[in-house]
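Participant: Here you go, sequence then predicted model.
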Amino acid sequence: MRIVVTGGAGFLGSHLTDRLLAEGHSVVIVDNLITGSKDNLAHIIDDPRIEFILADISEPIVVPGPVEFVFNFASPASPDDFRNYPIPVMKVGGVGTLHALGLAKAKGAKFMMASTSEVYGDPTISPQPETYWGNVNPIGPRAVYDEAKRYSEALTMAYRNSHGLDTRIARFFNTFGPRMRLNDGRVVPNFVKQALTGEPLTIYGDGSQTRSFGYVSDLIEGVVRLSKSDYQEPVNLGSQEERTILEFAKAVIAATDSKSEIVFLPALVDDPKQRRPDTTRAKTYLDWEPKVSLEVGLAETIEYFRKKLADG
């Protein structure tokens, strides 16, 4: 197939592109590089099956020729991005998703929306099933991302219901691995960089908040299985291995053999207290569950960041 991946130069988008090429497809990457990087594509950019279009999907998208599938993975996705690019985050989730859906409709292509566990906000139940409507502050510091993704899901369903578009919605929980940005403000790169450079690991709050960290290869496997399935309701993709942030900080220190200390800073506003997916749908409809342990995935990620720091 000829497939469009918006945000294809980003962390998840570049890994998805690798997998699609491995399966024999051609890929058109659309990215404005606001948070993505061509470094993530350096190993494949000369592949004749790759086309790169430098563009912001918040503007109308032009992709000549046939397209069989559109994966909409474009969006800044870290807390720092929410502060630095609040309007672009909302535009790419709203207008950008509208343009990506319009492209899929015009081409008669299937469509997948890359959504997030952030649609659940600070959840009042755990684990979070796809039927949970969430607990989101619509005007808080994370709202630009939370609400943009909730809106993008509503748009996707509207195109399915009104136009018969063949759509999928994947809700990603905390995902980590090589090609994450070193300074993007998320907990994994923050802790790994601090540990490798001997800086204190900074925890916001008391560290009792939990996350379920899933490795990128597992998540991409879930994405591919969902794309090949007939299931059109939202599907959670993430690890069941729930850890407190304090436990995770200690795991990073141990894995890096670091002498870093742990320091505690004031809690962030609207920081979710729990994150753990109910993955019943993924198991039932995709025969999917994570395979890579936190320890194995962390070793791969640390090695990537160690090299990035050495290269400057």
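Facilitator: Arrived safely, thanks for sending.

Participant: Please spell out the segments of the stretch 51-200 of the chain that come in under the pLDDT threshold.
Facilitator: Along the stretch 51-200 of the chain, segments meeting pLDDT under 70 are nowhere present.

Participant: all strands for the stretch 1-150 of the chain, in order.
Facilitator: With strands called from DSSP state E, counting those that start in this stretch, the stretch 1-150 of the chain shows them at 2-6, 26-31, 50-54, 69-72, 110-116.

Participant: nearest to residue 283, of those strands?
Facilitator: strand 110-116 (18.8 Å; CB to CB). No exception for glycine: its C-beta is placed from N, CA and C like everyone else's.

Participant: element containing residue 302, please.
Facilitator: helix 294-311 (DSSP states H and E).

Participant: Columns distance to residue 162 on top of the strands of the stretch 1-150 of the chain, output as JSON lines?
Facilitator: Converted to JSON lines, the strands of the stretch 1-150 of the chain look like this (distance: least, CB to CB, whole Å):
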{"stretch": "strand 2-6", "distance to residue 162": "21"}
{"stretch": "strand 26-31", "distance to residue 162": "24"}
{"stretch": "strand 50-54", "distance to residue 162": "27"}
{"stretch": "strand 69-72", "distance to residue 162": "17"}
{"stretch": "strand 110-116", "distance to residue 162": "13"}
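
Participant: mind putting those strands in a markdown table, mean neighbour count and distance to residue 263 included?
Facilitator: Below are these laid out as a markdown table (neighbours: other CB atoms under 10 Å; distance: least, CB to CB, whole Å):
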| stretch | mean neighbour count | distance to residue 263 |
| --- | --- | --- |
| strand 2-6 | 25 | 38 |
| strand 26-31 | 25 | 36 |
| strand 50-54 | 15 | 40 |
| strand 69-72 | 26 | 38 |
| strand 110-116 | 24 | 28 |
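
Participant: Mind giving me the packing neighbours of the helix holding residue 302?
Facilitator: If you count contacts as 3 or more CB pairs under 8 Å, 6 or more residues apart in numbering; DSSP states H and E, helix 294-311 packs onto strand 175-176, helix 187-197, strand 214-215, helix 245-256.

Participant: Can I get it in CSV? Just the C-alpha atoms.
Facilitator: Taking Å, rounded to 0.1, in the frame of the first residue of the first chain, the C-alpha atoms of helix 294-311 are listed here in CSV:
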residue,chain,number,x,y,z
LEU,A,294,10.4,-2.4,31.6
GLU,A,295,14.0,-3.5,32.4
VAL,A,296,14.7,-4.6,28.8
GLY,A,297,13.1,-1.5,27.3
LEU,A,298,14.9,0.8,29.7
ALA,A,299,18.3,-0.7,28.8
GLU,A,300,17.7,0.0,25.1
THR,A,301,16.5,3.5,25.8
ILE,A,302,19.4,4.3,28.1
GLU,A,303,21.9,3.1,25.5
TYR,A,304,20.2,5.4,22.9
PHE,A,305,20.4,8.5,25.2
ARG,A,306,24.0,7.6,26.3
LYS,A,307,25.0,7.8,22.6
LYS,A,308,23.0,11.0,22.0
LEU,A,309,24.8,12.7,25.0
ALA,A,310,28.2,11.5,23.7
ASP,A,311,27.5,12.9,20.3
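
Participant: how far does it sit from the chain's center?
Facilitator: Taking CA atoms, centre = their mean, to the nearest Å, one finds the center of helix 294-311 at 18 Å from the center of the full chain.

Participant: Equivalent analysis for stretch 203-221, please.
Facilitator: Relative to its parent chain, stretch 203-221 has a centroid offset of 12 Å by CA atoms, centre = their mean.

Participant: What residues of stretch 300-308 count as buried?
Facilitator: For stretch 300-308, a neighbour-count test (16 or more other CB atoms under 10 Å) marks 301, 302, 304, 305, 308 as buried.

Participant: now, which of those residues sits nearest residue 210?
Facilitator: Using CB to CB, residue 301 is the member of these that lies nearest residue 210, at 19.2 Å.

Participant: sorry, back to before: can you give me the angle the helix holding residue 302 makes with helix 245-256?
Facilitator: 60 degrees (axes from the mean of the first three to the mean of the last three CA atoms, to 10 degrees).

Participant: one step back: with mean neighbour count and distance to residue 48 added, can I get the helices and strands packed on helix 294-311 in JSON lines?
Facilitator: Formatted as JSON lines, the helices and strands packed on helix 294-311 follow (neighbours: other CB under 10 Å; distance: least, CB to CB, whole Å):
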{"stretch": "strand 175-176", "mean neighbour count": "25", "distance to residue 48": "30"}
{"stretch": "helix 187-197", "mean neighbour count": "21", "distance to residue 48": "33"}
{"stretch": "strand 214-215", "mean neighbour count": "24", "distance to residue 48": "30"}
{"stretch": "helix 245-256", "mean neighbour count": "19", "distance to residue 48": "39"}
